[in-house]
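1. Sequence and predicted structure below; questions after.
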Amino acid sequence: MAGAFTHVQAARQKNRPTAQFYIDHLFTGFLEMHGDRRFADDRAIVAGIARLDQRAVTVIGIEKGVDTGEKIMRNFGSAHPEGYRKALRQMQLAEKFGRPVICLIDTAGAFCGIGAEERGQGQAIAENLMTMMGLRVPIISILIGEGGSGGALALAVADRVWMLENAVYSVISPEGAASIIWKDAGKAEEASEALKLTAQDLLAFEIVERVFSEENGNFDKVTDTLHAALTEELQALCAMEDTARSEQRYRRFRRMGGNAL
Amino acid sequence: MTLFNKWLFKKPNNKLEGSADVQENPADALVACDSCNSSFPAKTLPEQDYTCPRCGALFTVSARQRMRWLCDADSFCELDTDLRPADRLQFPGYAEKLKKAQQESGEPEGIITGTATIDGLPCALFFMNPQFIMGSMGAVVGEKITRLFEHATEQKLPVIGYTVSGGARIQEGIFSLMQMAKTSGAVLRHSQAGLLYVAVLTHPTTGGVVASFAMEADIILAEPRALIGFAGPRVIEQTIRQKLPEGFQRAELLLVKGFVDRIVPRKEQKQELAQLLRLHGREAV
């Protein structure tokens, strides 16, 4: 029980690399594509086409922003429905052109606000879950920082879900859980332990397939490892029949919470 | 964001919301409507469609009451009655909370699923239970919904689902969150088989349930004044530090914004569901 909350703090640390860092270091020739064609361009989500070595891939990241100005512009990495719809549109194009999809997840959660509700935050996330479950191209999702609830899951219905060592993934923030269960948001540390949200916990629960070391903060080394892993895994996933892969993805989630009942 | 509208279940914040003793009432018991204070015999509730005959307020009903009220008499064949919740995270206090919920509701979990006929038309149904930890979605709720959709796909049955939920069940952590993906997969397969899924969203339907199977139906109906949203009103108010407008996240506003097909009062639901089943039948009559 060595300090789940230290992982939470590390995942939120302000100088931690954000999605754009990984996009720049893992891929070449990234061309960003904007907008959901319905309402707006949500800057909390960065999406586009790039190459992983020679292979064309669709890349979607939730971006928190680096400096204060960018953080505000990115809404601190909390997407509105149009962000999830932008991601959905890029995933559907990926399917059309047979490109694998790679998602980089780092969000405290989908945004809570009047506009987000009125434009169907729940519906947007639900549509992503259902569409990703049936997408006929490989999907790999990597949790690089915070994995906040439905807002993270909306990009994590994948064939493989990976986490960095200090990333966390949870149904609710520790503060939120503490304030609901113990009526005391100050008990976030206890809630962090209770929620079992660390990468090691989730690996043990078979919620994620792999956890990557953060190499004591040497993130260039981390991206080298990730690059090699992505190349290898995509090769394996692309070699599978579409139907076999989609059956495997269904089974991946189908078993969760289904045993030991 | 996970939804935690605990207060919604305790203190309905609008005057149209009724409340009733949801336990089985003795034959001569009276129930009082919270909205207009009129009282009438509890045993007449089903024939009043669990609606206050004087002011139209909707009474909170359990999953089983709704099932009996909606399905043709003795037609309901319940599925997966043996599934019991597991405390996988050994979350502090969860085991006791489960025990209390089971005792108070008389049900092992927050949902019942099965097959039945409505006006003679066969279908698969699920009814979430507001009296079981706020209708929250734990692994058993997700598993039963998934199995129901798989069963319906196999048997070529349409699905009718009544939702009511405060969102994810925090005490089941990541396993609760994963139910959103799992159920979505089963809904997709049912849909790909060309089968009909009608969701009826009741007060309140929020959080992970809205962000998964509640919003994935072919046809989305809602009860009048039902609160439907991703984030709970209190969470939104805390986030944006302002009061929410009157009627925000209510079924009527969702209809205006395009997220609900129809608002259907209880007294019309059975007839309208039967009509929808007929319209989507193999030989539409």
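-> Yep, that arrived. Numbering: from 1, shown residues only, chains lettered A, B, ... in the order given.
2. Pull the contacting residues for residue 220.
-> Went with chain A since none was named. A:His25 (C-beta atoms under 8 Å, 6 or more residues apart in numbering or on different chains). Every C-beta, even on glycine, is put in place using the N, C-alpha and C of the backbone.
3. hmm, I had chain B in mind actually
-> Counted by C-beta under 8 Å, 6+ apart, B:Ile220 has contacts B:Val198, B:Ala199, B:Leu201, B:Ala214, B:Phe259, B:Val260, B:Asp261.
4. Next up, phi/psi of residue 118, please.
-> I'll assume chain A. Here is the backbone geometry of A:Glu118 (degrees, to the nearest 10): phi -70, psi -30.
5. you looked at the wrong chain, it should be chain B
-> phi -120, psi 120.
6. Can you show me the strands along the stretch 151-261 of chain A?
-> Using DSSP state E, counting those that start in this stretch, the strands of the stretch 151-261 of chain A run over residues A:160-164, A:168-170, A:210-212.
7. For chain B, tell me whether the last one is touching it.
-> No - counting by C-beta under 8 Å from any C-beta of the partner chain, chain B has no neighbours in strand A:210-212; the shortest distance is 14.3 Å.
8. ok so, going back, select, out of the strands of the stretch 151-261 of chain A, the one closest to B:Leu177.
-> Nearest to B:Leu177, of all those, is strand A:168-170, at 7.5 Å by C-beta to C-beta.
9. what packs against the closest one?
-> helix A:4-12, strand A:139-148, helix A:199-204, helix B:173-192 (3 or more C-beta pairs under 8 Å, 6 or more residues apart in numbering or on different chains; DSSP states H and E).
10. closest one to B:Lys97 among the ones you listed?
-> Here helix B:173-192 is closest among these (C-beta to C-beta), at 13.8 Å.
11. In the closest one, which residues are buried?
-> For helix B:173-192, the neighbour count (16 or more other C-beta atoms under 10 Å in any protein chain shown) marks B:173-191 as buried.
12. can you dump the C-alpha coordinates of that helix into PDB?
-> What follows is helix B:173-192, C-alpha atoms only, in PDB (Å, rounded to 0.1, in the frame of the first residue of the first chain):
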ATOM      1  CA  GLY B 173     -14.000   1.400  -8.800                       C
ATOM      2  CA  ILE B 174     -12.600   0.600 -12.200                       C
ATOM      3  CA  PHE B 175     -14.800  -2.500 -12.500                       C
ATOM      4  CA  SER B 176     -17.800  -0.100 -12.400                       C
ATOM      5  CA  LEU B 177     -16.300   2.100 -15.200                       C
ATOM      6  CA  MET B 178     -15.600  -0.900 -17.400                       C
ATOM      7  CA  GLN B 179     -19.300  -1.900 -17.400                       C
ATOM      8  CA  MET B 180     -19.900   1.200 -19.600                       C
ATOM      9  CA  ALA B 181     -17.700  -0.400 -22.300                       C
ATOM     10  CA  LYS B 182     -18.900  -3.900 -21.800                       C
ATOM     11  CA  THR B 183     -22.600  -3.000 -22.000                       C
ATOM     12  CA  SER B 184     -21.900  -0.800 -25.100                       C
ATOM     13  CA  GLY B 185     -20.400  -3.800 -26.800                       C
ATOM     14  CA  ALA B 186     -23.500  -5.900 -26.200                       C
ATOM     15  CA  VAL B 187     -25.800  -3.100 -27.300                       C
ATOM     16  CA  LEU B 188     -23.800  -2.800 -30.500                       C
ATOM     17  CA  ARG B 189     -24.100  -6.500 -31.300                       C
ATOM     18  CA  HIS B 190     -27.800  -6.400 -30.700                       C
ATOM     19  CA  SER B 191     -28.100  -3.400 -32.900                       C
ATOM     20  CA  GLN B 192     -26.000  -5.000 -35.700                       C
END
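13. How far off centre is it?
-> Taking C-alpha atoms, centre = their mean, to the nearest Å, one finds the center of helix B:173-192 at 17 Å from the center of the full chain.
14. next helix or strand past it?
-> strand B:197-206 (DSSP states H and E).
15. so what strands line up beside that next one?
-> strand B:159-165 (parallel), strand B:219-222 (parallel), strand B:228-229 (parallel) (DSSP bridges).
16. Of all the ones you listed, which one is nearest A:Arg43?
-> strand B:228-229 (23.8 Å).
17. rewinding a little: out of the buried residues of helix B:173-192, who's near chain A?
-> Within these, those near chain A by C-beta under 8 Å from any C-beta are B:173-182, B:184-189, B:191.
18. Can you tell me which of the strands paired with strand B:197-206 is most buried?
-> Across the strands paired with strand B:197-206, the average number of neighbours (mean count of other C-beta atoms under 10 Å in any protein chain shown) peaks for strand B:228-229, which reaches a mean of 29.
19. Just the angle for the helix or strand following that strand relative to strand B:197-206, thanks.
-> As assigned by DSSP H and E, the chain's next helix or strand after strand B:228-229 is helix B:233-240. Angle, helix B:233-240 to strand B:197-206, by axes from the mean of the first three to the mean of the last three C-alpha atoms, to 10 degrees: 60 degrees.
20. list the contacts for the most centrally placed residue in chain A?
-> Geometric centre of chain A, nearest residue: A:Ile105, 2.6 Å, by C-alpha atoms, centre = their mean. Neighbour list for A:Ile105: A:Gly61, A:Ile62, A:Ser141, A:Ile142, A:Leu143, A:Ile144, A:Gly145, A:Gly147, A:Ala152, A:Leu155, A:Ala156 [criterion: C-beta under 8 Å, 6+ apart].
21. what about the residue lying closest to the second one once chain neighbours are set aside, how many residues close to it?
-> The one in question is A:Ile62. Spatial nearest neighbour of A:Ile62, excluding adjacent residues (C-beta to C-beta, 6 or more residues apart in numbering or on different chains): A:Thr107 at 4.5 Å. By other C-beta atoms under 10 Å in any protein chain shown, 28 other residues sit near A:Thr107.
22. likewise A:Ala116?
-> 26.
23. Same question for B:Ser38.
-> B:Ser38, neighbours per other C-beta under 10 Å, totals 13.
24. Over to the residue lying closest to it once chain neighbours are set aside. Which of the three states is it?
-> Spatially, and ignoring its direct neighbours in sequence, B:Ser38 is nearest to B:Arg54 (4.5 Å; C-beta to C-beta, 6+ apart). What DSSP: H, G, I helix; E, B strand; the rest coil gives for B:Arg54 is coil.
25. same deal with B:Val256?
-> Of the three states, B:Val256 takes helix under three-state DSSP.
26. for the one 4 residues further on, same thing?
-> Classification of B:Val260 by three-state DSSP places it in coil.
27. wait, isn't it in contact with B:Ala251?
-> Yes - using C-beta atoms under 8 Å, B:Val260 is in contact with B:Ala251, at 6.0 Å.
28. Which one of those two is surrounded by more residues?
-> B:Ala251 (26 against 22).
29. burial measure for the residue nearest to B:Ser38, as a count.
-> B:Arg54: 14 neighbours (other C-beta under 10 Å).
30. A:Gly61 now?
-> The burial count for A:Gly61: 27, using other C-beta under 10 Å.
31. Without its sequence neighbours, what residue ends up closest to it?
-> A:Gly61 sits nearest to A:Ala19 (C-beta to C-beta, 6+ apart), 2.9 Å away.
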